[in-house]
Every structure is written in structure tokens, then in C-alpha cells.
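Asks: quick one, structure for this:
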Amino acid sequence: MNADQALTELLAGRLEPGVYQWRMPPVPGAVGDTNWMERAEEAGWRGFYLDGRRARTEEAFLRLCAGVFDPPEGAGAGWDDLGRYLRDLSWAPAKHGYMVLYESWADLAETDPASLRAVLDVFAAAVKTWRDTPTPMTVLMSSVGVEVAGVPRLV
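Replies: Presented below is the predicted three-dimensional model:
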């Protein structure tokens, strides 16, 4: 199965929601390609794109998430706060599910490995919360040439 087929299977509900490594074939200029989001939205999924190239610290990553997920005023700015609003998302309704693409996560892993571990823990808890609902969540961890230990590969 290639990355395109895997996305189709996820959107159709034939693959279990989870946190996965998603390896797109290397293509010049591919970082930042949001074609996947259009496909997700056409299938009734709410897509969130995290461009990790500038999120090399805990603070920068949390700011990135606040901008992308746009939580309600006063949602807070720490790991617990991120976890709470990822398990809620009442302000961002979805028909069939939530899909998060975290691209270039290796930048955070390189400069702040403890924060990447916290990110994975928060994502795993959110995915677990949404798993048995009509709107499951899947998180795709995408980066060129590196892998996240302990995170299964989708393709």
C-alpha cells in the first residue's frame, strides 16, 4: 500500500484511527503540500496541518498548535491544555473525523526530544478519546528520511 492508498483507507474508515508515521515519496517541494486536506474535507473529515519547520521548542510548538487548532479564548498554553482541547474540539465540528498532519516533526525531535515525547503522548491520548466516537482522530507524523521510535508506519 502506498501513502495515497493509505489515506484513502483511513478516510473510508477501513484502517483503525491512530498515531502513524506517514511516509510520502520524496518529491521536491513536497513539504507544505496540503492536497491531503482537501481529500479529507471532501470525505467529511476536519483537517489540521502542523508545519513543524519553525516549531523547534516546546513554546514554539504550543504556539503553532494554538494557531492551527484555534481553541477558545483562555484555553491555556501548556501540554495539559493542548491535551484538553484536542480531546474536546467542540468549536471545530467534523462530520466523519479529525485528521492531523504533523510535518517536519524531526526539527523538534532534534532540538527538544522531551517535547516530542510529550507531543506523542498528547496525540495518543486524544486519538484514544476519539477512537470509539462517530468522529475518530488520526495523527500522521510526516518527515523525510527519519522515523519516530515506537510509532507504527502507515506505509
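Asks: give me the number of residues near the nearest residue to V146 once chain neighbours are set aside?
Replies: With C-beta to C-beta, 6 or more residues apart in numbering as the criterion, V146 has its nearest non-adjacent residue at 4.6 Å, and that residue is A106. All C-beta spots, glycine's among them, are computed from the backbone N, C-alpha and C. Residues near A106, counting by other C-beta atoms under 10 Å, number 19.
Asks: same deal with L15?
Replies: 16.
Asks: the closest residue to R153 other than its chain neighbours and G78: what is the separation?
Replies: Leaving aside its chain neighbours, R153 sits nearest to Q21 (4.6 Å; criterion: C-beta to C-beta, 6+ apart). Distance of Q21 to G78, given as C-beta to C-beta, to the nearest Å: 26 Å.
Asks: higher neighbour count, the two?
Replies: Neighbour totals were compared for Q21 and G78, and Q21 leads with 17 against 12 (other C-beta under 10 Å).
Asks: for that one, give me phi and psi.
Replies: Main-chain torsions, Q21, degrees, to the nearest 10: phi -80, psi 130.
Asks: need the helices for the chain, in chain order.
Replies: Here the chain has its helices, by DSSP state H, at 3-11, 35-42, 58-69, 79-86, 106-111, 113-130.
Asks: of all these, which lies closest to V146?
Replies: helix 106-111 (4.6 Å; C-beta to C-beta).
Asks: coming back round to it: I figured the residue nearest to R153 hits G145, correct?
Replies: No - assessed by C-beta atoms under 8 Å, Q21 is found out of contact with G145, at 11.8 Å.
Asks: residue contacts, A43?
Replies: By C-beta atoms under 8 Å, 6 or more residues apart in numbering, the contact list for A43 reads 11-12, 96.
Asks: and what of E110?
Replies: Contacts of E110 by C-beta under 8 Å, 6+ apart are R56.
Asks: quick check: pLDDT value at it.
Replies: Per-residue confidence (pLDDT) for E110: 92.
Asks: distance of it relative to R84?
Replies: E110 is 28 Å from R84, where distance means C-beta to C-beta.
Asks: likewise for W105?
Replies: W105 is 21 Å from R84, where distance means C-beta to C-beta.
Asks: these two: which has the busier surroundings?
Replies: Legend: neighbour count by other C-beta under 10 Å for W105 and R84, higher for W105 (23 against 16).
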